[in-house]
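Peer 1: What would the 3D arrangement of this be:
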Amino acid sequence: MIAFFTRHPTAANLIMLSLVLLGLSSLPNIKRETFPEFSPLYIVASIAYPGASPQEIEESLCMRMEDAIDGLANITEKRCEALEGSAKLTLKLNDKADLGRLTFDVQTQINAINDFPDDIETPIVQELNRNDHVVDIAISAPLPLPELKSYAESLKRKLQLNYEVDLVEITGFSDHEFSIELDLHAIRQMGLSVNDIAAQVSKQNIKLPSGNIETFEKEFLIRFESRSNTIESLANIVIGANENGAMIRLSDVAIITDKFKLDEQKVLFDEQTSAIIKISKNKQDDALRVKEKVQRFVDDELKTAPLGVVISLTNDMSSVLMDRLKMMITNG
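Peer 2: Okay, the predicted model is just below:
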């Protein structure tokens with residue numbers, strides 16, 4: 001082979017040129033990421049059991065799940081976390097495991113357990129995939145927390161739909177809730193009790209399927225929806241009637257506020273309460289291309305953002321990758 005190329009230098013030059021052109025043509029499709037890709041070697045099974053203590057979770061969920069998967073092969077380690085209201089079973093697999101097949105087997109074994117408590121939710125079994133963090137978007141504005149979160153949600157939807165960024169999560173808020181503070185003096189005058197009011201609010205705040213209607217051409221699904229998602233709709237809930245037959249509404253006996261469960265759970269950015277939009281990527285995405293989309297989104301939003309709203313990029317992990325690429329090119 002060496003002797004052939006020595007006698008025919010043109011052929012050697014053509015092969016070298018072909019390799020260079022092939023490398024240049026593949027450059028735009030090379031995936032760039034901070035850490036190398038690896039196959040997930042974990043399976044996670046989780047079950048929600050609202051209201052249960054960690055001890056109850058351990059006895060009624062963890063022990064049963066661990067016993068159920070004892071006969072499965074290629075599991076090197078199992079660990080079950082008993083938390084308040086939920087159980088999380090993590091299985092570590094060896095290199096010989098067929099991840100898809102074993103995930104199905106774990107799901108089958110857990111679903112076959114027939115002595116779980118009646119109040120648990122459906123078990124969820126999934127592969128533990130790794131998503132890499134790319135960058136955060138900090139949104140600072142002089143707005144009440146519910147309005148700030150609503151604005152962040154609108155930006156999240158726009159980022160996913162218009163800029164094709166899929167893995168987006170909003171942080172900086174605890175659970176959203178409506179607080180109903182009753183006037184005990186008023187409800188006693190009207191002959192009501194706290195349980196009566198709670199029952200009426202629950203009955204008039206439901207979302208249930210109600211069957212279907214079949215015709216020759218179509219099938220219609222019927223759904224009863226009466227969810228109160230605003231202070232105004234909650235205030236108009238009828239909780240009773242007085243002696244004259246006039247309706248008593250919730251606003252007559254209560255003060256309703258839109259708030260978050262934990263006021264102390266918040267994020268400060270530049271000493272101002274902020275919402276953080278976390279951007280991640282899966283194994284198929286390129287970190288720098290995702291960052292370019294996010295940067296374009298931020299630049300576009302800054303042109304139309306309301307007065308007083310500040311949108312900034314922070315915690316940029318893609319900069320680490322860019323620095324490594326620059327160092328590699330410089331050294332090369």
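
Peer 1: Determine the number of other residues adjacent to Ile239.
Peer 2: Residue neighbour count, defined by other C-beta atoms under 10 Å, stands at 22 for Ile239. Bear in mind the C-beta positions are built from the backbone N, C-alpha and C, glycine included.

Peer 1: excluding its backbone neighbours, what's nearest it?
Peer 2: Leaving out its chain neighbours, the residue that sits closest to Ile239 by C-beta to C-beta, 6 or more residues apart in numbering is Gln200, at 4.4 Å.

Peer 1: By mean pLDDT, flag the weakest helix or strand of the chain.
Peer 2: strand 206-214 (a mean of 66; mean pLDDT, DSSP states H and E).

Peer 1: give me the number of residues near Thr10?
Peer 2: Neighbour tally, Thr10, other C-beta under 10 Å: 8.

Peer 1: Spit out the contact partners of it.
Peer 2: Under the criterion of C-beta atoms under 8 Å, 6 or more residues apart in numbering, Thr10 has no neighbours.

Peer 1: Tell me if I am right that it is in a strand.
Peer 2: No - using DSSP: H, G, I helix; E, B strand; the rest coil, the assignment for Thr10 is helix, not a strand.

Peer 1: From Val310, how far out is Phe269?
Peer 2: 8 Å (C-beta to C-beta, to the nearest Å).

Peer 1: what do the two both touch?
Peer 2: Common contact partners of Phe269 and Val310 (C-beta under 8 Å, 6+ apart): 138, 140.

Peer 1: May I see the buried residues of the helix or strand encompassing the residue nearest to Ile239?
Peer 2: Under the criterion of DSSP states H and E, Gln200 resides in helix 194-203. Buried residues in helix 194-203, counted by 16 or more other C-beta atoms under 10 Å: 197, 200-201.

Peer 1: got a list of what Val165 touches?
Peer 2: Residues near Val165 by C-beta under 8 Å, 6+ apart: 159, 279, 290, 293-294, 297.

Peer 1: again with Leu313
Peer 2: 135-138, 294-295, 298.

Peer 1: Which strand or helix spans it?
Peer 2: strand 310-314.

Peer 1: List the contacts of the closest residue in space to Asp270 that isn't next to it in sequence.
Peer 2: Closest residue to Asp270 apart from its sequence neighbours, by C-beta to C-beta, 6+ apart: Ser140 at 6.4 Å. Ser140 makes contact with 269-270, 272-274, 309-310, 312, according to C-beta under 8 Å, 6+ apart.

Peer 1: among the residues you listed, who's most crowded?
Peer 2: Ser274 (22 neighbours).

Peer 1: Next one, pLDDT for the closest residue to Ala305 other than its chain neighbours please.
Peer 2: Closest residue to Ala305 apart from its sequence neighbours, by C-beta to C-beta, 6+ apart: Ile311 at 6.1 Å. pLDDT recorded at Ile311 is 91.

Peer 1: In helices, which of the contacts of Val165 appear?
Peer 2: Mapping those onto helices (DSSP state H) picks out 159, 290, 293-294, 297.

Peer 1: where do the helices sit along the stretch 1-150 of the chain?
Peer 2: 2-7, 9-26, 54-57, 63-68, 99-111, 145-162 (DSSP state H, counting those that start in this stretch).

Peer 1: Dump those helices to TSV, plus mean pLDDT.
Peer 2: Compiled in TSV, the helices of the stretch 1-150 of the chain are given as follows (pLDDT from 0 to 100):
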stretch	mean pLDDT
helix 2-7	76
helix 9-26	82
helix 54-57	88
helix 63-68	90
helix 99-111	88
helix 145-162	88
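
Peer 1: and of those helices, who's closest to Leu302?
Peer 2: helix 145-162 (11.6 Å; C-beta to C-beta).

Peer 1: Touching that closest one from outside, list them.
Peer 2: Counting by C-beta under 8 Å, 6+ apart, 137, 139, 141, 143, 165-166, 168, 170, 173, 176, 258-260, 266, 273-275, 277, 279, 294, 297, 301, 309 sit against helix 145-162.

Peer 1: Could you tell me which of the residues you listed belong to strands?
Peer 2: In strands, defined here by DSSP state E, the members of the contacts of helix 145-162 are 137, 139, 168, 170, 176, 258-260, 273-275, 277, 279.

Peer 1: Where does the prediction get shaky in this structure?
Peer 2: Low-confidence segments of the chain, defined by pLDDT under 70: 27-40, 129-130, 206-211, 223-229, 242-243, 245, 263-264.

Peer 1: And it, split by domain according to the record?
Peer 2: The record's domain split for the chain, according to automatic domain parsing, is 42-127, 132-173+266-331, 176-260.

Peer 1: Between those domains, which one is closest to Met1.
Peer 2: domain 132-173+266-331 (31.1 Å).

Peer 1: end to end, how far does that closest one reach?
Peer 2: Domain 132-173+266-331 stretches 27 Å from its first residue to its last (C-alpha to C-alpha, to the nearest Å).

Peer 1: try stretch 252-265
Peer 2: Span of stretch 252-265 from end to end, C-alpha to C-alpha: 32 Å.
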